[in-house]
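Participant: coordinates only, no sequence provided:
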Ligand SMILES: [Zn+2]
């Protein structure tokens, strides 16, 4: 699991799930209050995983509710593993 790059405090699994499920809401360190955002690459990887998994074993010949259930299941699985995939970076304050 990723750590805060300022003070070394580890982010909790729950904290990361909460951030990712709220459309990549910025995360603040529980110890030093530094703010972190999900990197653009992490977002792309998550999107590719969802699209990729759906295309690999999508039940095209099944009724709509089955397709919907499979899609939601994929999203749920990806959400659960995403804290191990996404990378957070410090929000850099603009100086000028
Ligand atoms: Zn910190």
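Facilitator: Ah, there it is. A quick note: this is a predicted structure, and the numbers were derived from the prediction, not measured.
Participant: CA atoms for contacts and neighbours, from now on please.
Facilitator: Noted.
Participant: buried ones in the worst-scoring helix or strand of the chain on mean pLDDT?
Facilitator: The weakest-scoring helix or strand in the chain, judged by mean pLDDT, DSSP states H and E, is helix 40-56 (a mean of 88). Buried positions in helix 40-56, judged by neighbour count with 16 or more other Cα atoms under 10 Å: 43, 46, 49, 50, 54.
Participant: so which residues make contact with it?
Facilitator: The contact list for helix 40-56, computed with Cα atoms under 8 Å, 6 or more residues apart in numbering, reads 70, 71, 74, 75, 78, 82, 85, 86, 87.
Participant: how about the residues you listed in TSV, adding distance to residue 60?
Facilitator: What follows is the contacts of helix 40-56, written out as TSV (distance: Cα to Cα, whole Å):
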residue	distance to residue 60
70	10
71	11
74	15
75	17
78	20
82	26
85	28
86	30
87	33
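Participant: pull the most distant pair out of those residues.
Facilitator: Within the contacts of helix 40-56, two members stand farthest from each other by Cα to Cα: 70 and 87, at 26.7 Å.
Participant: residue numbers of this protein in contact with the ion?
Facilitator: The chain comes close to the ion at residues 4, 7, 29, 32, as judged by Cα under 5 Å from the ion.
Participant: and those, which are buried?
Facilitator: For the residues of the chain next to the ion, a burial check counting by 16+ other Cα under 10 Å picks out 4, 29.
Participant: same list (the residues of the chain next to the ion) but as CSV, adding secondary structure.
Facilitator: CSV is the format used below for the residues of the chain next to the ion (DSSP: H, G, I helix; E, B strand; the rest coil):
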residue, secondary structure
4, coil
7, coil
29, coil
32, coil
